[in-house]
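Undergrad: With the sequence up front, the predicted model follows.
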Amino acid sequence: MNIFSTAYPDAKPSDIIEWARGLKVNGGKTSFDPDFTPQIVEPIRAMADADTRIGTLIKPVQVGGSTAGEVVAAYWAAFGSGLLQLNWEDDQKAEDRWKDRVLPVLESCADIKRSGHRFEELICEARYPNVTVRCQGVFNEKSLDSDTVPLQINEEVHSWKPGFLSKARRRQTRVWNSKAFDISNAGTVGDQLHSAYEDGTQEQWEVNCPKCGGWHEMHFRFNPNKPELGGLRWDSGGCKMESNRFNYNKLEKTIRYEMPCGHSVRDFAAERRTLKGRYSAPKNEGAHISHRSWNFEGVACDAIKWLTLIQEWHGSIRAMKVGDIEPMRRFVTERECRFWSNDLLPYSGTIIYNSALKKNRAGMPNAIMRTAKFDWQAGYKAKGELEHYWGIIMDVDIDANSQLVWEGKVESDAELLAELDAHEVPRVNSWIDCTGVQKKRILQFCYQNGMNAVSLDQSRQQGFLHPDKIRRFYSTGKPIYRELNTIPVHEPIRKRNMKTGEFSEVPHPEEPTVVELHKAGLLQNYFDIRNMKAAVTLQNPKATAADYIRIEIPDDVSEDFKKMLESWEVVPGHRGNAKDESVDGFRPRSNFDHQLMTMAYHCFELEWKLHPQHEMSLLGARRASLGLPTIGERQTQGNQ
C-alpha cells in the first residue's frame, strides 16, 4: 500500500460541469443541475481553466449563486492544493453556511482524497491531504491577515467592509496560479465590488431572439422612448382596483418580454426555455484576460416568474411614495443587478426645473393662496456678511400643487416686509424660522407684523400628539402672544361648549402662531412630495400631472437656490447624529441648506392649511384622492 497515494490530487476532469453533475448541492438535497441556472455555467468553467485568475459574478438573489461557489469549492478541494478560503461577511453566516451548504457538498464529492477513509473536521474547517478548506467571516480583520491563500471564494461582497476585498486579494499576490471567485448581488456605485466588476471583462447575459435571430441583453425595464432596447411589459389598464392596488390575476395575462425587434415572449415555461443564452463579448476591452466579470438580471432567469418581479417593483414604488427607498434599492441591486447610485433613480436629489416657467409676480393662474417662508441667518463675519434672510414665495392651488414665484435673499426686516408687499403675500400666510438664539426677537417681529413662526424640535422622535389622538411631525401650535407674555393681536373668539353650555375663548384664526416641527418628519414630508412625480412616472411613464403632487420650479432660479436644494440626502436606516447635525433617515451634504428648509416649511404649510371643501388639510385631501395615506395615517402605521 502506498501511504502517499492520497497526497496528490487525481488528474482534473476535462469539463467541470459534467463532473459536477454528481455533486449534492443545496444542503445535499438535490444533485447539481446546470440547466436550472445556465448563467452560472460559464463562470464555473472559468474557475477551472488555465487563464482566469479572478472571476467576479454579479447575480440576482436565489438563482444559484451559492451553488456556483459550492461546485467550485468541491472542485478545488478535489484537484487543487494549499489553503482554500470561503469568505463571508461575518462568522455567524460562515458557520451557518458551513453546516447547511458547504460540508454536505464536500461529503458528496467522491474525488476528494480522504486519509484513512476519513478527513478531519473542525468548526468551519476541513483538512484534506492536499487542501485545507476554511469557511470564515471577514469582519474580523485578522481573518484576512493569514498565510498565503492560493484559492479564495468571496461571497456576498456587497456587504463587506470597505477595503476588505483588496485585503483578501493581497493574500494571493505571491501565488502565480491563484484563483479567486467573487459571488454577490450588486452593491453601490464606487464600492469595492463595483470596482472589481469594472476591472473585469464586464460580460452581460444575452439571449437569441427566436424571431430575428439577434442576440439581445435582457433587462427588466422597458423604456418607451427607447423601444430598441427591449424590456418586460405589462398592461395596467383595467387591472387597478379601488384600493389603488392591482388585480394580478388580470395583469398576469398581459405580461410579455418584448425583444428589440418587437417579438414578444410570454411568461410560460415552454416559451421562456426557447431562449438560448450566452455571455456577450467583453464590454471592457481593456480588461486583462485573467480577470473576467459577469452580470445577469433576474428577468433572464427561468426560475424567477416575471409576475414576481412586477409585484416586487410595485411594492418598491409604493414604499417610495411614503419616503422609504430601501425596497427600491434592494430591487435594483438584487433583481436588476445594477449598482446603486443616488443618481440612478430620481428619488433623493434630482430636481426638474421647468424651462417653460420664469419667476414672475403673476404666479399660478388658478392659485387659491400665496405664501412665504423665510430663514434668518446671522451671517459670516469672515465673509463680510451681515444679518439676512433667505426666503421663497409660493403659489398653491386647491390640489396642493405649488409654483415658485420668487426666491432670494433679503438683508433686513424692512426689506423682507417690502418683498411681501410687492408680491401681495398676506401676512397670515408668511412664516419665519425662529429656531436658535434669536428666537425671542423673531417671535416679536412676527407678532408685530401678523406673521407666523416655526421652531425645529429634535427631541420629539414620536412626533406631537394632537387632540384626535394621532401623532404628527408638527405641534398644534401656540399663539405667539403667550410666548411673549403679552396681549393678543386679534380679539379672541368666544365659543360655547354644547355639552356644558360654558363659554371659552380661542385664538382668532389670524392670530400669529408658532408651531414646533420635528425635523426628521419635516424632511420626510418634503422629500415625499418632492419625489412623488419621479416615483409615479417610474411606475407609469404615461402618468399625467393629475397622478402626483407637483412642485413647479422655474429654470431661472439662482445658482444658490439650486445648490441649497441638494444640501440634504435620503439615507434609509440612518440614525441621527448630533455631531454631523443629521437626523433619522436624512444626512446633510452641506450646511448651506436654508432654501431647502424653506421649501420644507412650505410643504409643512400644505399640511397645516385646511382644505376649503373638506374637513382635512390641503395635503391630506390630495393624498386621499391619490389613494395614499394621510400624514397621520402614515405615522400611525410607522409606529405599529
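TA: Structure's in. What do you need? Note that the structure is a prediction, hence the values are computed from the model and not measured.

Undergrad: Near residue 599, how many other residues are there?
TA: 25 (other C-beta atoms under 10 Å). (Glycine included, C-beta is placed from N, CA and C.)

Undergrad: mind checking how far it is from residue 456?
TA: Distance of residue 599 to residue 456, computed by C-beta to C-beta, to the nearest Å: 15 Å.

Undergrad: Next up, the contacts around the residue lying closest to residue 422 once chain neighbours are set aside.
TA: Leaving aside its chain neighbours, residue 422 sits nearest to residue 361 (7.4 Å; criterion: C-beta to C-beta, 6 or more residues apart in numbering). Neighbouring residues of residue 361 by C-beta atoms under 8 Å, 6 or more residues apart in numbering: 405, 406, 422, 423, 424.

Undergrad: Surely the first one touches residue 363?
TA: Yes. Counting by C-beta atoms under 8 Å, residue 405 touches residue 363, with 4.5 Å between them.

Undergrad: Common neighbours of the two, please.
TA: Counting by C-beta under 8 Å, 6+ apart, the common neighbours of residue 405 and residue 363 are 370, 395.

Undergrad: Which one's more surrounded, these two?
TA: Set residue 405 next to residue 363 and count neighbours by other C-beta under 10 Å: residue 405 wins out with 22 against 19.

Undergrad: what pLDDT does that one get?
TA: Here the pLDDT value assigned to residue 405 is 96.

Undergrad: Tell me the secondary structure at it.
TA: The three-state label given to residue 405 by DSSP: H, G, I helix; E, B strand; the rest coil is strand.

Undergrad: Pull the contacting residues for it.
TA: Counting by C-beta under 8 Å, 6+ apart, the residues that residue 405 touches are 359, 360, 361, 363, 364, 370, 393, 394, 395, 423.

Undergrad: List just the nearest of these to residue 113.
TA: residue 394 (76.0 Å; C-beta to C-beta).

Undergrad: Looking at stretch 437-455 now, give me its mean pLDDT.
TA: 97.

Undergrad: how is the protein carved up into domains?
TA: The record's domain split for the chain, according to automatic domain parsing, is 20-202, 205-284+305-335, 353-480+519-639.

Undergrad: Serialize those to TSV and add fields for distance to residue 293.
TA: Formatted as TSV, these follow (distance: least, C-beta to C-beta, whole Å):
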stretch	distance to residue 293
domain 20-202	3
domain 205-284+305-335	8
domain 353-480+519-639	28
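
Undergrad: Relative to residue 507, which of the ones you listed is closest?
TA: Nearest of the domains of the chain to residue 507, taken as C-beta to C-beta: domain 353-480+519-639 at 4.7 Å.

Undergrad: so residue 149 touches residue 173, yeah?
TA: No. At 10.1 Å, residue 149 does not count as touching residue 173 under the criterion of C-beta under 8 Å.

Undergrad: the more surrounded of these two?
TA: residue 149 (23 against 8).

Undergrad: Could you report the neighbour count for the residue nearest to that one when sequence neighbours are not counted?
TA: Distances taken as C-beta to C-beta, 6+ apart place residue 171 nearest to residue 149, at 4.1 Å, with adjacent residues excluded. Each residue near residue 171 was counted by other C-beta under 10 Å, and the total is 21.

Undergrad: Residue 171 reaches residue 154, doesn't it?
TA: No. Judged on C-beta under 8 Å, residue 171 makes no contact with residue 154 at a distance of 11.0 Å.

Undergrad: so what sits against both of these two?
TA: Residues touching both residue 171 and residue 154 (C-beta under 8 Å, 6+ apart): none.

Undergrad: Quick one, grab the pLDDT at the closest residue in space to residue 130 that isn't next to it in sequence.
TA: In space, residue 130 comes closest to residue 81 once its chain neighbours are excluded; the distance is 4.7 Å by C-beta to C-beta, 6+ apart. If you check residue 81, the pLDDT there is 88.

Undergrad: Please tell me I have it right and residue 81 contacts residue 131.
TA: Yes. With contacts defined as C-beta under 8 Å, residue 81 counts as touching residue 131 at a distance of 6.1 Å.

Undergrad: Which of these two has more residues huddled nearby?
TA: Applying other C-beta under 10 Å to residue 81 and residue 131 shows that residue 131 carries more neighbours, namely 23 against 17.

Undergrad: gap between the more buried one and residue 172?
TA: Remark: distance between residue 131 and residue 172 (C-beta to C-beta) = 15 Å.

Undergrad: just the helices in the stretch 451-600 of the chain please.
TA: Taking DSSP state H, counting those that start in this stretch to define them, one finds helices in the stretch 451-600 of the chain at 480-484, 519-530, 532-539, 559-565, 594-608.

Undergrad: List the contacts of the closest residue to residue 300 other than its chain neighbours.
TA: Distance criterion C-beta to C-beta, 6+ apart; nearest residue to residue 300, sequence neighbours excluded, is residue 218 at 4.1 Å. Going by C-beta under 8 Å, 6+ apart, residue 218 touches 205, 206, 207, 230, 257, 296, 297, 299, 300.

Undergrad: Can you list phi and psi of the spatially most central residue of the chain for me?
TA: Centroid-nearest residue in the chain: residue 329, 3.4 Å away (criterion: C-alpha atoms, centre = their mean). When read as degrees, to the nearest 10, the backbone of residue 329 gives phi -60, psi -40.

Undergrad: Kindly confirm whether my reading is correct that it touches residue 341.
TA: No. Assessed by C-beta under 8 Å, residue 329 is found out of contact with residue 341, at 10.1 Å.
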